[in-house]
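Enquirer: Give me a model of this one.
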Amino acid sequence: MKNYLTYSTEVAEGMAAGKAIVALESTIISHGMPYPQNVEMARKVEQIIRDNGAVPATIAIMDGKIKIGLSEEELETLGTSKHARKTSRRDLAYVVASKEIGATTVATTMICAELAGIKMFVTGGIGGVHRGAETTMDISADLEELASTNVAVVCAGAKSILDIGLTLEYLETKGVPVVGYQTDKFPAFYSATSPFEANFRLDEPQEVAEMLKVKWELGLNGGAIIANPIPAEFSMDEAYITTIIEKALQEAEENGIKGKDVTPFLLGKVKELTEGKSLESNIELVYNNARVGAKIAVELNK
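Expert: This is a model prediction of the structure:
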């Protein structure tokens, strides 16, 4: 792995000191938000994790290396690059070998975190089963990774552009526990609630850490979802956001947008139709996930 993994000074020193490390994805920086909000958000997320006792490790691919933690210059490069490739499991070997800039998805961040020995990962929302997947077979690689990779993912649920019911069914089939953090409902990214229930409710970081410890000590391979709702003051009304998403989906279909291009298009269209409110919600839910993820990581590290 020394040929492929490199560590930022902060992460290397944190690991040597036995500190809790929290992985962060980079697709949210390169494809999820415009510049400069993307870099500002990334820096603030890292600081929130530090403020809560852990060490942030933003993961990306540059110069033929998997970077576990980025310098200020590397973060800026990622945030401004027009050529960063959205990198999932399928793409990882190619991007490393070709020395392209790669922004890691949820799935790839999980892979790289496990290679680096990191158990906790904070993101915005997970991918899942897309609407109409019964005919398109469009199912995010995130779900397969959650089934096999021993990394816990703190998120604000699944993006509401997805079929949340089928996403939860898929996760159940794969044996992935879905924990509602201080909630009984499974959150829907922009909204704190959805019509669906989480598998379990846990209210304290220590309780989540204990469950994860037991899970992996029992040899139950695979990740876990810690579904942390967006704070109430930034939550958008379920019916309102559903209507917006329906309009965005219709436009995507009319324009023949498919595959991995669908999510960036839909998120951009939702931002446009909500007059920017969705971007604010997106940023705030990531900050909230960073706080919770750092606290769980600290407890798990004990």
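
Enquirer: what is the rounded mean pLDDT of stretch 223-234?
Expert: Averaging pLDDT along stretch 223-234 yields 97.

Enquirer: how long is that stretch end to end?
Expert: End-to-end span of stretch 223-234 (Cα to Cα, to the nearest Å): 28 Å.

Enquirer: got the contact list for the spatially closest residue to residue 162 that is not a sequence neighbour?
Expert: Distances taken as Cβ to Cβ, 6 or more residues apart in numbering place residue 128 nearest to residue 162, at 4.3 Å, with adjacent residues excluded. For the C-beta atoms, the positions are set from N, CA and C on the backbone; glycine is no exception. Contacts for residue 128 (Cβ atoms under 8 Å, 6 or more residues apart in numbering) come out as 139-140, 142-143, 158-159, 162-164, 166-167, 170.

Enquirer: which element follows whichever strand or helix holds residue 242 toward the C-terminus?
Expert: Residue 242 belongs to helix 238-254 when assigned by DSSP states H and E. Downstream of helix 238-254, the next assigned helix or strand under DSSP H and E is helix 262-273.

Enquirer: Look up how far residue 150 lies from residue 69.
Expert: 20 Å (Cβ to Cβ, to the nearest Å).

Enquirer: which of the two has more neighbours?
Expert: residue 69 (26 against 16; other Cβ atoms under 10 Å).

Enquirer: If we ignore the residues flanking it in sequence, what's nearest the more buried one?
Expert: In this structure, residue 69 finds its nearest non-sequential neighbour in residue 8, 2.9 Å apart by Cβ to Cβ, 6+ apart.

Enquirer: Give me the pLDDT for the one you found.
Expert: pLDDT, residue 8: 98.

Enquirer: repeat for residue 133
Expert: Looking at residue 133, the pLDDT reads 83.

Enquirer: what about the residue nearest to residue 199 when sequence neighbours are not counted, distance to residue 302?
Expert: Computed as Cβ to Cβ, 6+ apart, the closest residue to residue 199 that is not its neighbour in sequence is residue 178, at 4.6 Å. Using Cβ to Cβ, we find residue 178 at a distance of 24 Å from residue 302.

Enquirer: And the helices in the stretch 1-150 of the chain?
Expert: Along the stretch 1-150 of the chain, counting by DSSP state H, counting those that start in this stretch, helices occupy 9-16, 27-30, 37-51, 72-80, 89-98, 106-115, 133-136, 141-148.

Enquirer: Distance check, residue 34 against residue 102.
Expert: Residue 34 sits 20 Å away from residue 102, going by Cβ to Cβ.

Enquirer: Residue nearest the middle of the chain, spatially speaking?
Expert: Nearest residue to the geometric centre of the chain (Cα atoms, centre = their mean): residue 123, 2.9 Å.

Enquirer: Before we move on, what's the pLDDT of it?
Expert: pLDDT, residue 123: 97.

Enquirer: and it, what is it in contact with?
Expert: 24-25, 28, 106, 109, 153-155, 286, 289.

Enquirer: Thanks a lot, catch you later.
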